[in-house]
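Asks: coordinates only, sequence not included:
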């Protein structure tokens, strides 16, 4: 593990999150691991008890509560209590909910705060009109309680710049740690979906497409519901197989088996699954939404389709994958990951913001 130093000083760092299952946990754990590699640093996490099992640190604090008034108050009380007990040098906030609660409760406190939304609350692809303006106004006011605000992609940086001070913003692409790479050009002729079963990830779009069309690539689905009210209707669909939720370690072994990973997202601040696939040399079929077109170059390491005409566009993307030189796409996918999305680059840039 690479070690990052902070001008010879030891740091006490508190990462504050809420619901982290999925991509946020991947990024958070990688940051904690790299920062903890320096034994001088004291790195701690505060997370909702529901997601305690998804984070990794020597010291993990937790609180109980849902996203209601009572849960918000318990979250706020936990933040204040841990701050008073630990007096961290840096508080790193993950997600807009944590960013809102923590910055409000710490308003009277002089402490260095790094805020990383992991998805902009006023993203124009998610909200419009008065609601978007109100969210942007709230984020602008709260930006004065953050030393730096980390954008996880070029797309998210552009969104944040519409409301927030440019001098507060810094671009740090999301990334994943490299793993042992097996140069395997023989793939299984199947597509893989990985993600939460919610509206953002567009699984319903994909299932509906498979229900209406005879697709040459069978589909395997990894994931589960995060929000209990979300429903997934897979009745009467052939060539679709649910594999359940997989850990990061289990996914590493899966990605390299598939001919492609498919991401029909309705909005994405980044899309961590895309670079996890590229790390294994697996091409990505994705919607032209958010940060995904910045990661997937059409015809080079995957194919991009338009959700506005999903029947025709997705059919075209799948046909293009069938006709592509898969060996070349595998090589390109792996090369793009190494050039732009390694965890070492991400961790160094995040630590630089602490300075």
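Replies: Received, thanks. No experiment lies behind these values; they were computed from the predicted model shown.
Asks: Around the spatially closest residue to residue 162 that is not a sequence neighbour, how many other residues sit close by?
Replies: In this structure, residue 162 finds its nearest non-sequential neighbour in residue 136, 6.8 Å apart by Cβ to Cβ, 6 or more residues apart in numbering. Placement of C-beta: from N, CA and C, glycine included. Counted with other Cβ atoms under 10 Å, the burial measure for residue 136 works out to 20 neighbours.
Asks: Give the rounded mean pLDDT of the host helix or strand of residue 136.
Replies: Take DSSP states H and E as the rule and residue 136 turns out to sit in helix 129-142. Helix 129-142 shows a mean pLDDT of 96 in the predicted model.
Asks: tell me the average confidence for the next helix or strand after it?
Replies: Secondary structure here is assigned by DSSP H and E; on that basis, the next helix or strand after helix 129-142 toward the C-terminus is strand 148-151. Model confidence over strand 148-151 averages 96 on the pLDDT scale.
Asks: The helix or strand following strand 148-151 versus helix 129-142: what angle between them?
Replies: Following strand 148-151 in sequence order, the next helix or strand is helix 154-161 (DSSP H and E). Going by axes from the mean of the first three to the mean of the last three Cα atoms, to 10 degrees, helix 154-161 is angled at 80 degrees with respect to helix 129-142.
Asks: Okay, domains of the protein per the record?
Replies: Using automatic domain parsing, the domains assigned to the chain come out as 12-177+342-354, 191-340.
Asks: Relative to residue 183, which of those is closest?
Replies: Shortest separation from residue 183 across these is recorded for domain 191-340, at 7.4 Å, computed as Cβ to Cβ.
Asks: now do the same end-to-end measure for that closest one.
Replies: One end of domain 191-340 to the other measures 24 Å (Cα to Cα, to the nearest Å).
Asks: what about that domain, average pLDDT?
Replies: Mean predicted lDDT for domain 191-340 stands at 91.
Asks: How far does that domain sit from its chain's centre?
Replies: 15 Å (Cα atoms, centre = their mean, to the nearest Å).
Asks: before we move on, back to that, how about the helix holding residue 136: buried residues?
Replies: Neighbour-count burial for helix 129-142, with 16 or more other Cβ atoms under 10 Å as criterion, is recorded at 132, 135, 136, 139, 142.
Asks: quick check, nearest of these to residue 121?
Replies: residue 135 (4.8 Å).
Asks: Give me the nearest residue to the closest one, chain neighbours excluded.
Replies: Leaving aside its sequence neighbours, residue 135 sits nearest to residue 122 (Cβ to Cβ, 6+ apart; 4.0 Å).
Asks: Neighbours of that neighbour, how many?
Replies: Using other Cβ under 10 Å, the number of residues around residue 122 comes to 24.
Asks: what does residue 158 give?
Replies: A count of neighbours around residue 158, defined by other Cβ under 10 Å, yields 15.
Asks: for the chain, longest helix please?
Replies: In the chain, assigned by DSSP state H, the helix with the most residues is helix 69-86.
Asks: now that helix: mean pLDDT?
Replies: Mean pLDDT, taken over the full extent of helix 69-86, equals 94.
Asks: helices or strands up against the helix or strand following it?
Replies: Sequence-wise, the next helix or strand downstream of helix 69-86 (DSSP H and E) is strand 90-94. When contacts are defined as 3 or more Cβ pairs under 8 Å, 6 or more residues apart in numbering; DSSP states H and E, strand 90-94 sits against strand 12-16, helix 23-36, helix 96-105, strand 112-116.
Asks: what do you get if the cut-off is 10 Å, keeping everything else the same?
Replies: strand 12-16, helix 23-36, strand 42-48, helix 69-86, helix 96-105, strand 112-116, strand 148-151, helix 343-354 (3 or more Cβ pairs under 10 Å, 6 or more residues apart in numbering; DSSP states H and E).
Asks: circling back to that earlier point, let me know the closest of the buried residues of helix 129-142 to residue 181.
Replies: The closest of those, once distances to residue 181 are taken by Cβ to Cβ, is residue 139, at 39.0 Å.
Asks: Spell out which residues sit in contact with the nearest residue to that closest one once chain neighbours are set aside, please.
Replies: Spatially, and ignoring its direct neighbours in sequence, residue 139 is nearest to residue 163 (5.9 Å; Cβ to Cβ, 6+ apart). Contacts were defined as Cβ atoms under 10 Å, 6 or more residues apart in numbering; by that measure residue 163 touches 120, 122, 132, 133, 135, 136, 137, 138, 139, 140, 141, 143.
Asks: so which helix or strand takes in residue 163?
Replies: Under the assignment given by DSSP H and E, residue 163 is not contained in any helix or strand.
Asks: follow-up on the earlier one: redo the contacts of residue 163 as a markdown table? Include distance to residue 21.
Replies: Output for these, formatted as a markdown table (distance: Cβ to Cβ, whole Å):
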| residue | distance to residue 21 |
| --- | --- |
| 120 | 20 |
| 122 | 24 |
| 132 | 27 |
| 133 | 31 |
| 135 | 24 |
| 136 | 27 |
| 137 | 30 |
| 138 | 25 |
| 139 | 24 |
| 140 | 29 |
| 141 | 30 |
| 143 | 27 |
